[in-house]
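# Structure for this input, please:
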Amino acid sequence: MKIVLFVLDSVRADAPSFAGGQATTPTLDRLATEGVVFRHAHCSGSWTIPSLVSMLTGCSPPRVGVCNWRHRPHPDVPFLPDHLAEHGLPTKLYAANPRWIFAGWPVPPETGDSQDLDGLAADLAAPGAGLSVVHHWWTHIPYTARRASWEAHRTVAGRMVDALHRDPTLVAARLRGLYHRAITHWSEVILPPLLAALASSGEDHLVVVTADHGESWGELVPGGAPVEHIFDLHGRWLEDATTAVPLVMWGRTSQGAIRPAQIDTGFARGIDLAPTLAAAFGVPPLGAIDGQSLLGSLHDSHRAPADAALTVGSQNTWIPETYPRSGTEMWRTWSLRDAQGRHTWDARSDEARPDFAAAHGAARGPHGVDVAHSPSPQDRRLAHQLRTLGYG
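Next up, the predicted model:
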């Protein structure tokens, strides 16, 4: 069978029309109606790189130690493409910059260009089982919904952030319009021919649609301060707008057709995708990871397995273009979302610190450097929730 994981950059959970959002997404809405929607899905990393890493390892970002593609992961961390390859299932990762994604990993997976839509469709139409991971970039600021060079995207995005800094009220409204238009374009222009190509392959298939993180336009910056950097839109401030993401699964797994359902109890997390995809192929579990398979929810309409979702932010979202090599410097902001609300801790503040000793004890830098950091326990609620997630 074929599995396609679409990761839409910066798409928040409330953006598609099936979730009541302003993007017009009837094709995606159909998948949501015929498949399974997880109403409480959250990314595990606060921005693209650590979030993608968590999806394909099943491990929380501090365990992997990667917030730059030049970083090498800790050798004990499993990698879903490697695991699938051991069972005869190839993986291909598609990104706007194929030379960049997972470039520092010991054996980088085969990559393709996610902006080459004809090439992507041809690959999906080809017979043969395997996993395709498509990181769609056009929903990221500048929300252009068209092919452009990596450098052009970054240049225009920087200009938009500068404009948002100067005139936040006017520019934010315009950016939201472009943003929802880009999501509509993906759902109604890009997705239909890719689904048709996938169907023409003759293989059973599962389609998963999610995002690496959400998006904001300055409203989360404390005290009404201006937007200073793109990480003020996502990556730095951990609230539902930036951590809650859509998660739709449609089609079949190795156990047969999934049952249509809206899963509104429990939490689904980025770290749950790797074990879910392995189980959907019918291969053995990855091993010692942080995530849990969502396969039971797909066939039995059960609640999502986790009681809370942990999202971790890295230091470079606060000091851009810096990528620390030690875990104590790299992982800065920790935010736990549960049914009661959100609990967030900034490791660089002077505020009372919860007991993250176990979490930091498991954290490693990008070169396998163990973290030795044990802040004093203050927030017992957050400490308890972290222990339930396997941190201590």
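# isn't Trp345 right up against Thr333?
Yes - under the criterion of CB atoms under 8 Å, Trp345 makes contact with Thr333 at 7.3 Å. Placement of C-beta: from N, CA and C, glycine included.
# hey, what's in contact with both of these two?
Applying CB atoms under 8 Å, 6 or more residues apart in numbering, one finds that no residue jointly contacts Trp345 and Thr333.
# what sits against Pro226?
His165, Pro168, Gly218.
# Now pLDDT, distance to Ser187 and secondary structure too, for the residues you listed, in a markdown table please.
Below are the contacts of Pro226 laid out as a markdown table (pLDDT from 0 to 100; distance: CB to CB, whole Å; DSSP: H, G, I helix; E, B strand; the rest coil):
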| residue | pLDDT | distance to Ser187 | secondary structure |
| --- | --- | --- | --- |
| His165 | 94 | 30 | helix |
| Pro168 | 93 | 28 | helix |
| Gly218 | 94 | 26 | coil |
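# Who wins on neighbours among those residues?
The residue in those with the most neighbours, by other CB atoms under 10 Å, is Gly218 (21 neighbours).
# ok, that one touching Thr169?
No - with contacts counted by CB under 8 Å, Gly218 stays clear of Thr169, the gap being 9.3 Å.
# Tell me the one of the contacts of Pro226 nearest Glu321?
His165 (17.7 Å; CB to CB).
# Asp300 versus that closest one, what's the distance?
49 Å (CB to CB, to the nearest Å).
# separation between the nearest residue to Trp100 once chain neighbours are set aside and His136?
The shortest distance from Trp100 to any non-neighbouring residue, by CB to CB, 6 or more residues apart in numbering, is to Trp69 (5.5 Å). Trp69 sits 18 Å away from His136 when distances are taken as CB to CB.
# and what of Glu228?
Counting by CB to CB, the gap from Glu228 to His136 is 27 Å.
# So those two - more neighbours on which side?
His136 (26 against 15).
# Contact partners for that one?
Phe6, Val7, Leu8, Asp9, Ser114, Trp186, Ile190.
# can you rerun that using 7 Å?
Phe6, Val7, Leu8, Asp9, Ser114, Trp186 (CB atoms under 7 Å, 6 or more residues apart in numbering).
# go on, Tyr143?
Tyr143 makes contact with Leu178, Tyr179, Ala182, according to CB under 7 Å, 6+ apart.
# Just among those, which is most surrounded?
Result: Ala182 is most packed of those (other CB under 10 Å), 27 neighbours.
# Name the next helix or strand downstream of the one helix or strand it maps to, please.
Using DSSP states H and E, Ala182 sits in helix 168-185. Per DSSP H and E, helix 168-185 leads on to helix 191-200 as the next helix or strand towards the C-terminus.
# pLDDT score assigned to the residue nearest to Tyr179 when sequence neighbours are not counted?
Leaving out its chain neighbours, the residue that sits closest to Tyr179 by CB to CB, 6+ apart is Tyr143, at 4.9 Å. Predicted confidence (pLDDT) for Tyr143: 95.
# helix, strand or coil for Tyr143?
Under DSSP: H, G, I helix; E, B strand; the rest coil, Tyr143 falls in the coil class.
# now do the one 4 residues further on
State at Arg147, reduced to three classes by three-state DSSP: coil.
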